[in-house]
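# Below are the sequence and a predicted model; questions follow.
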Amino acid sequence: MSKPEIASKTPFAINVEQGKDYWWCSCGRSKSQPFCDGSHKGSEFTPVKYTADENRTVYFCGCKHSGNGALCDGTHKSL
C-alpha cells in the first residue's frame, strides 16, 4: 500500500455544521485541503466521509497519517 502525501504537518481547524457530510482527502493530493477534490482518481486512495454530530470546530488531519481517520490524533508531531 502506498503512503499518502503529507499535505500539512498541522491539522485543519474547520467549523462544521450538524448533520452535514464532509469528504476528507486521504491521499494528500487535493488542492482543496483538507477536503477531497478528486485528485485521488487512479490511485488506491478514496475520500473518507465525516458527518458532523454537532456544530463545532473539528481538527481534520493534515498529515494524512492519523490513526483516528479524518480527525487529527497528533501523529504529525512525529513525522
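Done, it's in.
# host element of residue 59?
strand 56-60 (DSSP states H and E).
# Give me the helices and strands touching that strand, please.
strand 12-16 (3 or more Cβ pairs under 8 Å, 6 or more residues apart in numbering; DSSP states H and E). C-betas here are computed from N, CA, C, even on glycine.
# Give me the buried positions along the very next helix or strand once past the strand it packs on.
Downstream of strand 12-16, the first helix or strand assigned by DSSP H and E is strand 21-24. For strand 21-24, burial by neighbour count (16 or more other Cβ atoms under 10 Å) applies to 22, 23, 24.
# So what's the residue count around the closest residue to residue 3 other than its chain neighbours?
Once flanking residues are discounted, residue 3 sits nearest to residue 65: 7.8 Å by Cβ to Cβ, 6 or more residues apart in numbering. Residue 65 is flanked by 15 other residues according to other Cβ atoms under 10 Å.
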